[in-house]
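S.K.: just to be clear, the model below is a prediction. Sequence and coordinates:
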Amino acid sequence: MAGNLLVQMRDGRELTKRQQIQLICTLSMPAILAQISSIVMQYIDASMVGSLGAQASASIGLVSTSIWLFGGICGAVSSGFSIQAAHCIGAGDTERARSVMRQSFSAACLVSALLVVCGILIADQLPAWLGASPELHRGASQYFTVFVCAIPVVQINRLAGGMLQSSGNMRTPGMLNIMMCMLDVVFNGILIFPSREIMIAGMPVTIPGFGMGVVGAALGTALAQLVTATLMTGYLWFRSDLFRIRRGECWRPERSCICRALRLAMPIGLENVMMCGAMIATTRIVAPLGAVAIAANSFAITAESLCYMPGYGIAEAAATLTGQSIGAGLMDLTRRFARMSVWTGVAIMALTGGAMYVGAPFMMALLTPEVEIQRLGIQILRIEVFAEPLYAASIVASGALRGTGDTMIPSMMNFFSIWCVRIPLAVILAASTGLRGVWIAMCLELCFRGTIFLVRLYREKWLMRHKA
C-alpha cells in the first residue's frame, strides 16, 4: 500500500488528507519498531549486566555516550547518501539512485576503518578522561574496545537500512532489527554468564555459557549486528527491486556524489559530535557523584529511550516523505508531510511520556536489582516526562528538514541548545541537587529545543530555497 501511494505521489497525482496520514503511519510503524528494537537491545544489555552489580553497570554506562558519538558518525554517513537517493527516487532518476547506493558502500568502508583506528587509540585512556574511579576503568575500556572493532558492521547495517528506507521500504529494516534483538538475547545469555543449570518442567537443563561479563555483553551485541548487517545488505543487493546490483556496474566513487554527501553529512556529523560531546560532558559532571549516580543515569537514559524512540521512527518516515516529495517538486505536499509528521510525533510521545511516568518503577526494576539505583532512577525519569512532547517536535522536525537537504541550520540549533542551555544549567544545578539537577537541566533544554524547531518549521525558510 505504501509503495503504491509513493508511486502515486512521485507521478504528481493528488493525495487526499487521509492518504497522507495513511502514508505517514504506514512508513512510521516499521521504523518505530526498528527504533524500539535498538532500545530493547540496550535494555537486554543493561538488565543482564545489571544482575552482575552496580560496578559492572556503571562500566557500561560510563562509555555509553562515547559509543553514541561513534554511532552518530555512522548515521551521518548513511544520511549523506540516503538523502541523495531519496531525492533521485522522487525525481524518477532510479539509475542515479542506484549509483549513489553503490558509491555509498565504498565511502562507508573508508570512514568506518578510520573510526576503528581512532577508537582503539583512545580506548585505554577514555575512562580516566571521563573522571571515573579506577575500579571502573578495565571493564569500561574493554566494552568500548569491542564496540569500536564492530563499527564497520554498524556502519553497513545503518547504510543498507537507510537505503531501503529511502525507497520507502521500511518493513524489511524493521523486521531485521527486531530479529537482531532476539539474537542479542541469545548471544548475551551465552557470553555474559557462565554455564548454569535451570529447571524446566521439573527437568534440569544445562545452559552453556562463557562467563565473560561486561565483555560478553559487547560481543553479543556485535554478533547480533553482524548477522543483521549481512542479511540487510544481502536483501539490498540481491532482493530489492530498485537497488539490486547488476553485473558490470561501476562502484568507483564520483566526485560530485561524494561532495554532495559531504555537504549533507557534515552538518549531521558535526551535530552528532557536538551533541554526544555534550553528553560526554554530562557524564563528566555525573561521574564524581559516584557509581550509584552513574548507573542510575545510564539506566534512566536507557529507560527513557523507549519513550522517545517512536519519535525517531516517525522522523525516519518524515525524512523519506519530504525527501521524495522535494525530489518530485511537490512543495505543498512537502509542507503538509512535515507538519503532519511533527504533530503525530508530539501526540505519540505525549502518550508514551505518560506511560513512562506510571511505569517508571517497573522499568527500573527490570534494569537493576539495586534498590538505591532504582529509587534515584525513578525520580529522574519522572522529571523528564514533562519534556517529551516538545522533544518529539525537535526530533521529527529535524528528520523532516533533513529529508529536504536542510541539515546545517538544524544542526546549529541542536548545538546551541545543548551546549548553551543544557550544559551550563547542569553544572549549576548538579552542585546543589546532584543527579536530579542534571535531569532538570535536560528537561528545560529539551523544551527550549522543541520550541525553536517548531519556529523553524513554520517560518518555512527551508522550503523557500527549493522554490527559488
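M.R.: Alright, I've got the coordinates. Numbering: from 1, shown residues only.

S.K.: in the host helix or strand of Ile89, what counts as buried?
M.R.: For Ile89, the enclosing helix or strand under DSSP states H and E is helix 54-90. Across helix 54-90, burial judged by 16 or more other C-beta atoms under 10 Å covers 54, 56-90. The way it works is simple: take the backbone N, C-alpha and C, and place the C-beta from them, glycine included.

S.K.: again, but for stretch 360-367
M.R.: 360, 363-364, 366-367.

S.K.: can you list those in CSV and add pLDDT?
M.R.: Putting these into CSV (pLDDT from 0 to 100) gives the following:
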residue, pLDDT
Ala360, 90
Met363, 85
Met364, 87
Leu366, 79
Leu367, 76
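
S.K.: the residue nearest to Ala392 when sequence neighbours are not counted sits in which helix or strand?
M.R.: Of all residues not flanking Ala392 in the chain, Met349 sits nearest, at 3.7 Å (C-beta to C-beta, 6 or more residues apart in numbering). Per DSSP H and E: Met349 is located in helix 331-367.

S.K.: got the angle between that helix and helix 54-90?
M.R.: Using axes from the mean of the first three to the mean of the last three C-alpha atoms, to 10 degrees, the inter-axis angle of helix 331-367 relative to helix 54-90 is 160 degrees.

S.K.: list the helices and strands the next helix or strand after helix 331-367 packs on?
M.R.: Going down the chain from helix 331-367, the next helix or strand is helix 371-384, by DSSP H and E. Secondary-structure packing of helix 371-384 (3 or more C-beta pairs under 8 Å, 6 or more residues apart in numbering; DSSP states H and E): helix 291-327, helix 331-367, helix 435-459.

S.K.: Phe193: which of those is closest?
M.R.: helix 331-367 (16.8 Å; C-beta to C-beta).

S.K.: list the buried ones in the closest one?
M.R.: Those buried within helix 331-367 under the rule 16+ other C-beta under 10 Å are 331, 333-342, 344-346, 348-349, 352-353, 356-357, 359-360, 363-364, 366-367.

S.K.: now swap in stretch 117-133 and tell me
M.R.: For stretch 117-133, by 16+ other C-beta under 10 Å, it's 119, 123, 126-127, 130, 132-133.

S.K.: JSON lines for these, including distance to Ile258, pLDDT and secondary structure?
M.R.: Formatted as JSON lines, the buried residues of stretch 117-133 follow (distance: C-beta to C-beta, whole Å; pLDDT from 0 to 100; DSSP: H, G, I helix; E, B strand; the rest coil):
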{"residue": "Gly119", "distance to Ile258": "23", "pLDDT": "91", "secondary structure": "helix"}
{"residue": "Ala123", "distance to Ile258": "29", "pLDDT": "90", "secondary structure": "coil"}
{"residue": "Leu126", "distance to Ile258": "31", "pLDDT": "86", "secondary structure": "helix"}
{"residue": "Pro127", "distance to Ile258": "36", "pLDDT": "85", "secondary structure": "helix"}
{"residue": "Leu130", "distance to Ile258": "34", "pLDDT": "77", "secondary structure": "coil"}
{"residue": "Ala132", "distance to Ile258": "39", "pLDDT": "72", "secondary structure": "coil"}
{"residue": "Ser133", "distance to Ile258": "44", "pLDDT": "75", "secondary structure": "coil"}
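
S.K.: of these, closest to Gly327?
M.R.: The closest of those, once distances to Gly327 are taken by C-beta to C-beta, is Gly119, at 35.5 Å.

S.K.: quick check: that closest one vs Leu110, distance?
M.R.: 15 Å (C-beta to C-beta, to the nearest Å).

S.K.: try Ala319
M.R.: For Ala319, the distance to Leu110 - C-beta to C-beta - is 24 Å.

S.K.: out of these two, which sits in the more crowded spot?
M.R.: A direct count of neighbours by other C-beta atoms under 10 Å for Ala319 and Leu110 places Ala319 higher, at 30 against 11.

S.K.: what's the burial count for the residue nearest to the more buried one when sequence neighbours are not counted?
M.R.: For Ala319, ignoring the flanking residues on the chain, the nearest one in space by C-beta to C-beta, 6+ apart is Gly403 at 3.5 Å. Using other C-beta under 10 Å, Gly403 has 33 other residues around it.

S.K.: tell me the contacts of Ala397?
M.R.: 338, 342, 410, 453-454, 456-457 (C-beta atoms under 8 Å, 6 or more residues apart in numbering).

S.K.: who wins on neighbours among the residues you listed?
M.R.: Result: Val342 is most packed of the contacts of Ala397 (other C-beta under 10 Å), 28 neighbours.

S.K.: so which strand or helix has the residue nearest to that one when sequence neighbours are not counted?
M.R.: Excluding its sequence neighbours, the residue lying closest to Val342 (C-beta to C-beta, 6+ apart) is Val396, at 4.6 Å. Element membership for Val396, per DSSP H and E: helix 388-403.

S.K.: could you give the angle of that helix to helix 291-327?
M.R.: Using the same axes, to 10 degrees: helix 388-403 against helix 291-327 is 40 degrees.

S.K.: how far does helix 388-403 sit from the chain's center?
M.R.: Averaging C-alpha positions (C-alpha atoms, centre = their mean, to the nearest Å) puts helix 388-403 13 Å from its chain's average.

S.K.: which residues does whatever helix or strand comes next after that helix contact?
M.R.: Note on helix 388-403: by DSSP H and E, the next helix or strand toward the C-terminus is helix 408-417. With C-beta under 8 Å, 6+ apart as the contact definition, helix 408-417 has outside contacts at 267-268, 270-271, 274-275, 394, 397-398, 401-402, 445, 448-449, 452-453, 456, 461-462.

S.K.: what do you get for stretch 381-393?
M.R.: With C-beta under 8 Å, 6+ apart, stretch 381-393 has contacts from 300, 303-304, 307-308, 311, 342, 345-346, 348-350, 352-354, 356-357, 360, 363-364, 436, 439-440, 442-444, 446-447, 449-451, 453-454.

S.K.: who's in contact with Leu446?
M.R.: 384, 387, 390-391, 394.

S.K.: correction: the previous question concerned Ile285.
M.R.: Ile285 sits in contact with 426-427, 430, 438, where contact means C-beta under 8 Å, 6+ apart.

S.K.: in the helix or strand hosting it, what's buried?
M.R.: In this assignment (DSSP H and E), Ile285 forms part of helix 255-286. Across helix 255-286, burial judged by 16+ other C-beta under 10 Å covers 257-258, 260-261, 264-265, 267-283, 285-286.

S.K.: roughly how far does the residue sitting furthest away from the middle of the chain sit from Ile190?
M.R.: Ranked by distance from the centre of the chain (C-alpha atoms, centre = their mean), the top residue is Gly202, with 42.3 Å. From Gly202 across to Ile190, the span is 24 Å (C-beta to C-beta).

S.K.: one more: Cys181?
M.R.: 15 Å.

S.K.: and if you look at Ile198?
M.R.: In terms of C-beta to C-beta, Ile198 sits 14 Å off from Ile190.

S.K.: of these two, who's got more company?
M.R.: Ile190 (19 against 9).

S.K.: need the nearest residue in space to the more buried one, chain neighbours excluded.
M.R.: Nearest one to Ile190, counting by C-beta to C-beta, 6+ apart, is Gly209 at 5.6 Å.

S.K.: near the one you found, how many residues? Count them for me, please.
M.R.: Gly209, neighbours per other C-beta under 10 Å, totals 15.
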